[in-house]
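J.: Show me how the following folds:
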Amino acid sequence: MKVALVHDWLNQFGGAEVVLEAMHDMYPEAPVYTSVYDATAMPSTYRAWDIRTSFIQRLPLAHRAFRALLPLYPLAFEQFDLRGYDLVISSSSSWAKGVITTAETVHVCYCHAPMRYCWDVYYEEMPRRHRLVRPPLALVISLLRMWDVDGANRVDRFVANSRFVAAKIRKYYRREATVVHPPVDTDFFQPCDEDGNFFLVVSRLRPYKRIDLAVQTFNKLGRKLKVVGVGEEMRRLQRMAADNIEFLGFVARPVLRDLMARCQALVVPGKEDFGLAPVEAMAAGRPVIAYGAGGVLETVIDGETGVLFVEQSVGSMTEAVERCLDIPFDRTYLRRHALTFDIAAFKSGLANAIASACSEHREVTLVIG
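T.: Here you go, the predicted structure:
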């Protein structure tokens with residue numbers, strides 16, 4: 001089959017890009033269509049890929065303030081000419097699923113989440129905007145919601161990264177989704193014998209990630225916390241943080257592996273759609289302290305692979321940290337649990353979903369013919 005991959009944007013590295021890498025490994029000859037690509041922000045291996053960008057790539061704000069161009073993204077993805085492909089796989093948490101394909105093409109969307117700022121976090125994020133910006137932004141978001149649902153109708157088969165996201169797809173798009181958990185490189189993340197005297201956060205620094213809660217909690221506890229990640233919240237979080245909290249920004253993957261293997265526990269204060277970092281920590285033999293909602297309920301077993309706290313408050317997280325320190329976690333068990341989410345399991349699950357979608361498409365084509 002002639003295959004194309006479509007991804008929202010390639011200017012920051014996170015869990016969605018780990019999924020894209022596994023997809024590209026499955027279809028190494030497939031071109032990758034995306035809105036913008038910043039080679040300096042992505043792994044060097046991407047430079048050998050066939051990456052095809054939209055007209056947004058050539059605009060002045062494309063790299064420095066790409067979110068300011070919000071209204072242009074639907075048009076950008078609709079402009080991609082995907083005629084001639086037998087299979088299009090979109091990796092989407094916003095725009096990529098909205099590409100237009102022909103009747104002969106099977107479009108499978110691996111959905112990381114429905115467009116968050118249109119649905120889940122709209123009422124959380126809007127008050128953060130300047131009062132003069134809110135009315136026009138609300139209008140733009142309302143129009144994007146309609147486009148988002150319309151774009152979802154162009155997908156032949158949805159694959160969700162968790163049962164939590166599958167429920168969102170059912171709610172917002174009225175579509176069913178096959179669940180295939182994202183790939184974890186369990187060969188790369190390995191346990192070590194050295195123990196570090198610190199806790200770890202690995203996350204994009206966005207408001208909905210609630211890294212502020214982790215900062216407030218560890219300010220109170222006085223225990224060491226290392227924060228890996230970049231984002232718009234960086235300066236605000238640094239101003240909040242006491243001396244026991246260190247912001248490392250972006251780190252190379254070997255450094256991240258070392259931090260995962262030595263931390264006392266990984267801390268996840270926000271509601272994750274799935275969350276690769278918790279499984280990576282478990283693969284490295286370390287427990288997870290997480291807010292007990294969303295995708296982590298599918299990966300973290302309370303008292304066995306980590307500790308879940310019931311509300312996003314300093315008190316609740318403090319209790320979870322103290323409880324975690326009292327539990328003698330079995331590193332062998334932690335790693336064995338993580339192995340159920342490895343890359344091979346992802347590729348097998350996605351391949352089965354694609355085969356099913358293609359088979360169904362052939363049957364429909366025969367009926368129409």
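J.: Any regions of the stretch 1-150 of the chain where pLDDT drops low?
T.: Across the stretch 1-150 of the chain, the ranges flagged by pLDDT under 70 are 64-67, 122.
J.: quick one, helices of it?
T.: Assigned by DSSP state H, counting those that start in this stretch, the helices in the stretch 1-150 of the chain fall at 15-26, 73-78, 122-125, 134-152.
J.: Can you name the element that comes right after the helix or strand hosting Arg335?
T.: Using DSSP states H and E, Arg335 sits within helix 331-338. Using DSSP H and E, the next helix or strand after helix 331-338 towards the C-terminus is helix 343-368.
J.: Now for the closest residue to Lys168 other than its chain neighbours, how many residues are close by?
T.: With sequence-adjacent residues excluded and distances taken as C-beta to C-beta, 6 or more residues apart in numbering, Lys168 is closest to Pro114, at 5.2 Å. Yep, even glycine has a C-beta here, placed from its N, CA and C like the rest. A count of nearby residues for Pro114, using other C-beta atoms under 10 Å, gives 24.
J.: try the one 3 residues further on
T.: Using other C-beta under 10 Å, Tyr117 is surrounded by 17 other residues.
J.: ok, now Pro254?
T.: 9.
J.: Over to Val36?
T.: Val36 has 21 neighbours, counted by other C-beta under 10 Å.
J.: try Val159
T.: If you count neighbours by other C-beta under 10 Å, Val159 ends up with 24.
J.: Quick one: residues contacting it.
T.: For Val159, the contact set (C-beta atoms under 8 Å, 6 or more residues apart in numbering) comprises 108-111, 177-180, 350, 353.
J.: Doesn't it belong to a strand?
T.: Yes - under DSSP: H, G, I helix; E, B strand; the rest coil, Val159 falls within a strand.
J.: At which residues are the strands of the chain located?
T.: Per DSSP state E, the chain carries strands over the ranges 3-7, 32-34, 51-53, 87-92, 106-111, 157-160, 177-179, 199-202, 225-228, 245-249, 266-268, 288-291, 306-309.
J.: got CSV for those, with distance to Met42 too?
T.: Below are these laid out as CSV (distance: least, C-beta to C-beta, whole Å):
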stretch, distance to Met42
strand 3-7, 11
strand 32-34, 10
strand 51-53, 9
strand 87-92, 14
strand 106-111, 19
strand 157-160, 23
strand 177-179, 28
strand 199-202, 18
strand 225-228, 17
strand 245-249, 16
strand 266-268, 24
strand 288-291, 27
strand 306-309, 30
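J.: Packed most tightly, which of those would that be?
T.: Sort the strands of the chain by mean neighbour count, taking mean count of other C-beta atoms under 10 Å, and strand 266-268 sits at the top with a mean of 30.
J.: Which strands and helices lie in contact with that strand?
T.: On a contact count with 3 or more C-beta pairs under 8 Å, 6 or more residues apart in numbering; DSSP states H and E, strand 266-268 meets strand 199-202, helix 276-283, strand 288-291.
J.: which helices and strands sit right next to the second one?
T.: Contact analysis of helix 276-283 by 3+ C-beta pairs under 8 Å, 6+ apart lists helix 15-26, strand 199-202, helix 253-262, strand 266-268, strand 288-291, helix 331-338 as its packing neighbours.
J.: The spatially closest residue to Phe346 that is not a sequence neighbour: how many residues sit nearby?
T.: The shortest distance from Phe346 to any non-neighbouring residue, by C-beta to C-beta, 6+ apart, is to Pro183 (3.6 Å). Using other C-beta under 10 Å, Pro183 has 24 other residues around it.
J.: In CSV: the helices and strands packed on helix 276-283, plus distance to Ser142.
T.: Converted to CSV, those look like this (distance: least, C-beta to C-beta, whole Å):
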stretch, distance to Ser142
helix 15-26, 25
strand 199-202, 34
helix 253-262, 39
strand 266-268, 32
strand 288-291, 29
helix 331-338, 41
